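Undergrad: Sequence and predicted structure, then a few things I'm wondering about:
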Amino acid sequence: MLSKALYQRSLQRHALLMPMQRGIRVNAEKHYIEPADGLDDLIKHMDETKPVYSCLYFTAKWNPACHKIEPDYERLCREYPHFNHIRVDCDAQPKVKLYFDARVEPQFIVLVNGGEIYR
């Protein structure tokens, strides 16, 4: 597992690099990223960074179950920093939801080297 200092440096490096990618928002204090402009930008980000482990979390603002598990998701992001955590707001990013065939919210999809292994 990564040391805390190494993880913090990684977050700082990503925070410096991410503004150049117009379609990805970095939430460094909560340890996840969000696609801002759509599916193409998310795929481009994943192609450029080539994360080994990714966890996609599909959420909706109107869903009470999503609000209930939000603190648990944030804790998950802190406890597993070696994962590339991606939070997708299904109302704002319907194309991302359709691409990954996320039919319900909340839903988690785990990817290894870009391939789905668990839903």
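TA: Arrived safely.
Undergrad: Where do the helices of the chain begin and end?
TA: Applying DSSP state H to the chain gives helices spanning 4-17, 39-49, 64-79, 94-99.
Undergrad: got any ranges where the chain has weak pLDDT?
TA: Residues of the chain meeting the criterion pLDDT under 70: 1-22.
Undergrad: most centrally placed residue in it?
TA: residue 86 (0.5 Å; C-alpha atoms, centre = their mean).
Undergrad: Now do the contacts for that one.
TA: 32, 33, 34, 35, 42, 54, 55, 56, 57 (C-beta atoms under 8 Å, 6 or more residues apart in numbering). Bear in mind the C-beta positions are built from the backbone N, C-alpha and C, glycine included.
Undergrad: if I look at it, how far off is residue 64?
TA: Shown here: residue 86 relative to residue 64, a distance of 22 Å by C-beta to C-beta, to the nearest Å.
Undergrad: ok, now residue 26?
TA: Here the distance between residue 26 and residue 64 works out to 27 Å (C-beta to C-beta).
Undergrad: what does residue 50 give?
TA: From residue 50 over to residue 64 (counting by C-beta to C-beta), the distance is 36 Å.
Undergrad: Adding distance to residue 97 as columns, could you present the contacts of residue 86 in TSV?
TA: Compiled in TSV, those are given as follows (distance: C-beta to C-beta, whole Å):
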residue	distance to residue 97
32	17
33	16
34	13
35	11
42	11
54	16
55	16
56	10
57	12
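Undergrad: doesn't residue 23 make contact with residue 36?
TA: Yes: counting by C-beta atoms under 8 Å, residue 36 sits close enough to residue 23 to count as a contact (5.1 Å).
Undergrad: Now mean neighbour count and distance to residue 109 too, for the helices of the chain, in JSON lines please.
TA: Written out in JSON lines, the entries for those read as follows (neighbours: other C-beta atoms under 10 Å; distance: least, C-beta to C-beta, whole Å):
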{"stretch": "helix 4-17", "mean neighbour count": "12", "distance to residue 109": "21"}
{"stretch": "helix 39-49", "mean neighbour count": "16", "distance to residue 109": "12"}
{"stretch": "helix 64-79", "mean neighbour count": "13", "distance to residue 109": "13"}
{"stretch": "helix 94-99", "mean neighbour count": "16", "distance to residue 109": "11"}
